[in-house]
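In: Fold the following, please.
(2 chains)
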Amino acid sequence: MTGKRDISDNSGSIILEAEDITVGYKGTALFSPACFEVRKGECVLLCGANGSGKSTLLRVIAGISRPMSGSIRISRPEQTVKGRRPQTIPMVPSTVPKVRGFTLESFIRTGCYARSDWAGRLSPETEASVDRAISMLGLDSLRTKDVTSLSDGEFRKGCIASALTGRPPLVLLDEPSAFLDIENRLAVYSVLKDIAMTDGTAFLFSSHDLNESAAICDRVFAIGTDRMFRCSSSDRKEKNTVISSIFRNKSITFER
Amino acid sequence: MAAAAILLVVLLVADLATGGIRIPLREIAHAVCGGECTGPMKILLSVRLPRVLSAFLAGASLALSGAQMQSIFRNPLADPHIMGISSGAGLGAAIATMALPSSIAAGISGLTIAAAACTGAAAVSAAILAFSSWIRNPSTLLICGIMTGFIINAVISVIQYSAGAESLRLFYNWSAGSFTGNDMTGITIMACMLAAGILLSVSGHKGLDIILFGDEYAALSGARPTAIRFNAILGSALMTGAVTAFCGPIGFVGIVAPHIVRRLTGTAVHRIVLPGSILTGGILGTAADMVSQNCGLAVPAGSMMAIIGIPFILAILAKGAR
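Out: Numbering: from 1, shown residues only, chains lettered A, B, ... in the order given. Model (predicted):
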């Protein structure tokens, strides 16, 4: 399974395909060339120790950093609206500051930067996708609240809604549960799982909360301490083995 | 917003109508309607009108710059002078008034000082703009701006140390900040720079919104943080440079006006904050001018701004500390 593509299960259509991707700084690759794919409606956990290159890999897929080598192919959705810039994969960063003076709705509209006109106006279909994203996350009652009055969990959901406004096939999340208490963590993960099941959006997220995130993810990508990039199938045992590869202390194994 | 616009018009007219010599409103109306120019009318046109326009333009420009600086640095205490632009203008003025040989300095007029200050502001702005497209981290950029200001102020002190009494007085007059003594050339330049600043801010307001949520979030949404900062600094440099050259370094309105707007409207969305700041800045500038003209003492408007402005800054600090 190491570095090899897994085609045994999950017959959903492929959204993202990475071929021998490496990331790193100053000519040093952080992990072995990685080959993986993400399919429609999947939740994939990306785990690894601090500094192993999780965030950098996500930034490369999101298109704001360059890979050291390799290529990423994003399959375009069937219907392409003319006059649009090519769709990129949205990413929710691990921390977004809350700014006083923005309602949840105006925050989400601000996030539609690339799709609004010079005055910040949105087209009717973008307008509709904002409404849809807000209700998908169950935030309808909070849309006129100032973002500083929201709890961290609610605001994190708002950030996810902002990423969903473009109706992307895949959303990347950098530690979606960071700084959240256990209840909010579970709430965020269950909402991701729900959206993946009902809407077919795929999620690739990094996390250190292995217990909660392993419970909802379909597959696991792990950057091991040996700097190997491993992908698991949806088999529970295989997921456990792949997750265990990130521990430096080999007497620790992950069981779920 | 409409109420603020009405208040501004009322203040502008009131400021025109008040001053050292009383000019009845009837006479103003008479002259406006095409009557002949009486003595008081000459005062109105050649002294008061330029002063009131200067006050309005300075307030509006500095407030618009301040609103943009606070957003790109995500710092509530940033203001138009924070990037060292006014220090650059000061250095220009200092060289013109004090460092030149006395034979040249004898012919110095207000316009020469303004031209020198303009050059100084432009030079520092160019340096800051170069920094801004090179340095990605906003805090580092802010520190660079402040340090540039310190260096330039140190150079000014060195020049002052060896200057004569007459040139010191000239320099002091400029550095105290004043709306008086501008002719139509200066006012036209300030108005053009304000217009340019408004155009740049119209093209940049969306970017200012998104940059508040962090560079990473902005980049992920398809914006370019460095370009957004460059745009905002360019506009602020043009406006602040012109105002500082012709009115001297005027503080506080740039910090205070955007905060007043955010407090009153309850929003930080720049589509509202930027035009609101222009209005509020204009109101503050005109009000400061009116108070300094009518309080009996010859208080420079720059000092008046500080006296009005400092309590606001303290309130902001106190609120943040709680």
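
In: Next up, phi/psi of the residue of the stretch 51-200 of chain B found nearest chain A, please.
Out: Taking CB to the nearest CB as the measure, the stretch 51-200 of chain B has residue B:74 as its residue closest to chain A, at 7.4 Å. C-betas here are computed from N, CA, C, even on glycine. Torsion angles at residue B:74 (phi, psi; degrees, to the nearest 10) stand at phi 50, psi 40.

In: give me every residue that touches it.
Out: Under the criterion of CB atoms under 8 Å, 6 or more residues apart in numbering or on different chains, the contact list for residue B:74 reads A:97, B:138, B:211, B:212.

In: do the same with residue B:179
Out: By CB under 8 Å, 6+ apart, the contact set of residue B:179 is B:51, B:52, B:54, B:55, B:58, B:247, B:285, B:289, B:301.

In: residue of the stretch 51-200 of chain A with the smallest distance to chain B?
Out: Using CB to the nearest CB, residue A:101 is the residue of the stretch 51-200 of chain A that sits closest to chain B, at 2.6 Å.

In: I'd guess that residue is in a helix, am I close?
Out: No. Going by DSSP: H, G, I helix; E, B strand; the rest coil, the assignment for residue A:101 is coil, not a helix.

In: Show me the strands in the stretch 1-150 of chain A, by range?
Out: When assigned using DSSP state E, counting those that start in this stretch, the strands of the stretch 1-150 of chain A occupy the ranges A:14-22, A:24-25, A:28-29, A:34-39, A:43-48, A:69-74, A:91-92.

In: which stretch among those comes nearest chain B?
Out: Comparing these by their distance to chain B (CB to the nearest CB), the top pick is strand A:91-92, with 5.1 Å.

In: Does chain B have contacts with the closest one?
Out: Yes. Residues of strand A:91-92 contacting chain B under CB under 8 Å from any CB of the partner chain: residue A:91.

In: Contacts for that strand next, please.
Out: Counting by CB under 8 Å, 6+ apart, A:58-59, A:61-62, A:64, A:156, A:159-160, A:162-163, A:171-174, A:176, B:220 sit against strand A:91-92.

In: and with 7 Å instead?
Out: Counting contacts by CB atoms under 7 Å, 6 or more residues apart in numbering or on different chains, the residues outside strand A:91-92 that touch it are A:58, A:62, A:159, A:160, A:163, A:171, A:172, A:173, A:174, A:176, B:220.

In: got the contact list for residue B:291?
Out: Taking CB under 7 Å, 6+ apart as the criterion, residue B:291 is in contact with residue B:304.

In: Kindly give the local confidence score, pLDDT, for it.
Out: Each residue has a pLDDT score; the one for residue B:291 is 81.

In: That one falls within a helix, correct?
Out: Yes. Going by three-state DSSP, the assignment for residue B:291 places it inside a helix.

In: Looking at chain A, which helix is longest?
Out: helix A:182-199 (DSSP state H).

In: Show me what it is in contact with.
Out: The set of residues external to helix A:182-199 that reach it, using CB under 7 Å, 6+ apart, is A:41-43, A:136-137, A:152-153, A:156-157, A:176-177, A:180, A:201-203, A:209, A:212-213, A:216.

In: Report the buried members of those residues.
Out: In these, burial by neighbour count holds for A:41-43, A:136-137, A:153, A:156-157, A:176-177, A:180, A:201-203, A:209, A:212-213, A:216, counting by 16 or more other CB atoms under 10 Å in any protein chain shown.

In: Can you flag which of those residues belong to helices?
Out: In helices, defined here by DSSP H, the members of the buried ones among the contacts of helix A:182-199 are A:136, A:153, A:156, A:157, A:212, A:213, A:216.

In: Find the residue closest to the third one in space, skipping its chain neighbours.
Out: Leaving aside its sequence neighbours, residue A:156 sits nearest to residue A:188 (CB to CB, 6 or more residues apart in numbering or on different chains; 5.8 Å).
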